[in-house]
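Engineer: build the 3D model from these lines:
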Amino acid sequence: MFITFEGLDFCGKSTQVQLLEKYLLQRGKKVEIIREPGGTPISEKIRDILLDKKNSEMSIETELILFSGSRSQLVSQVILPALKENVFVISDRFHDSSIAYQSFGRKIPLNFVEELQKFVIKEAVPDITFFLDIPIDEVIKRKSKVKQIELDRIELSQIDFYERVRKGYLYLAEKEKRFRTISGLNSIPEIHAIIIEEIKKIESSRM
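Structural biologist: Numbers count the residues shown, from 1 in each chain. Model (predicted):
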């Protein structure tokens, strides 16, 4: 099963990825955890370029192409081979992030970004995508607890950017049947319980 987690920065995705991994491993499943950008030697080098706050002059076109290049390498080198071996692949972000961040957030034409992502991911379409939705004021609140020096180039974006990104995710949540929207304001155990129930539904439907 290919499972992806999406949402604004500071929404709690990484915590839920770890909890789901632990749950699946306890059930004897093979699990591959990946993050975006990154996940392969090439992709990690691209990640360093993308998130380095020194690269403030990066154009929006370069940003989109770099994210897509990192993703393409991850798909061919890790995701598709793992799925062929019946491994549970869990990704902290995937192609939906480019729709939300680069199209809605950076205002690159939606049709172009969508077509580019179809080309990049090939047949690696997630079985289910968990969107942890938090309001913008919660982003501000959680962001304020992180030291400025620890924020990466994307996390340093302004609030109006995050407002557009959230609109992008809400667009995807309405469009894509694989999306499951969960309030990121729920407690960590509550969110985890909802995720497990959704995974069980997919598994039972395949029996």
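
Engineer: OK, contacts around residue 186?
Structural biologist: With contacts defined as CB atoms under 8 Å, 6 or more residues apart in numbering, the neighbours of residue 186 are residue 194. All C-beta atoms are positioned from the backbone trio N, CA, C, and that covers glycine.

Engineer: rerun at 10 Å
Structural biologist: With contact set as CB atoms under 10 Å, 6 or more residues apart in numbering, residue 186 has these partners: 12, 132, 192-194.

Engineer: now the residues you listed: which count as buried?
Structural biologist: Under a neighbour-count criterion of 16 or more other CB atoms under 10 Å, the subset of these counted as buried comprises 12, 132, 192, 194.

Engineer: can you list these in JSON lines and add pLDDT?
Structural biologist: Shown next, in JSON lines, are the buried ones among the contacts of residue 186 (pLDDT from 0 to 100):
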{"residue": "12", "pLDDT": "96"}
{"residue": "132", "pLDDT": "98"}
{"residue": "192", "pLDDT": "98"}
{"residue": "194", "pLDDT": "98"}
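
Engineer: check the residues you listed against residue 27 and report the nearest one.
Structural biologist: residue 192 (14.3 Å; CB to CB).

Engineer: would you map the strands across the chain?
Structural biologist: If DSSP state E is used as the criterion, the strands of the chain fall at 2-6, 31-35, 88-92, 128-133, 179-183.

Engineer: who does the least confident helix or strand in the chain by mean pLDDT touch, helix- and strand-wise?
Structural biologist: Evaluated with mean pLDDT, DSSP states H and E, the helix-and-strand set of the chain has its lowest mean pLDDT in helix 136-143, which scores a mean of 92. Based on contacts counted as 3 or more CB pairs under 10 Å, 6 or more residues apart in numbering; DSSP states H and E, the elements that helix 136-143 packs against are helix 159-175.

Engineer: could you measure the residue sitting nearest the centre point of the chain against residue 84, distance?
Structural biologist: What sits nearest the mean C-alpha location of the chain, by CA atoms, centre = their mean, is residue 93, with 1.4 Å. For residue 93, the distance to residue 84 under the criterion CB to CB, to the nearest Å works out to 22 Å.

Engineer: wait, doesn't residue 8 sit right on residue 170?
Structural biologist: No - at 11.1 Å, residue 8 does not count as touching residue 170 under the criterion of CB atoms under 10 Å.

Engineer: overlap of the contact sets of the two?
Structural biologist: Taking CB under 10 Å, 6+ apart as the contact rule, the neighbours common to residue 8 and residue 170 are 100, 131, 133.

Engineer: quick check on those: which are buried?
Structural biologist: For the shared contacts of residue 8 and residue 170, burial is judged from neighbour counts taken by 16+ other CB under 10 Å, and it is met by 100, 131, 133.

Engineer: do you know the pLDDT at the last one?
Structural biologist: The reference is to residue 133. pLDDT for residue 133: 98.
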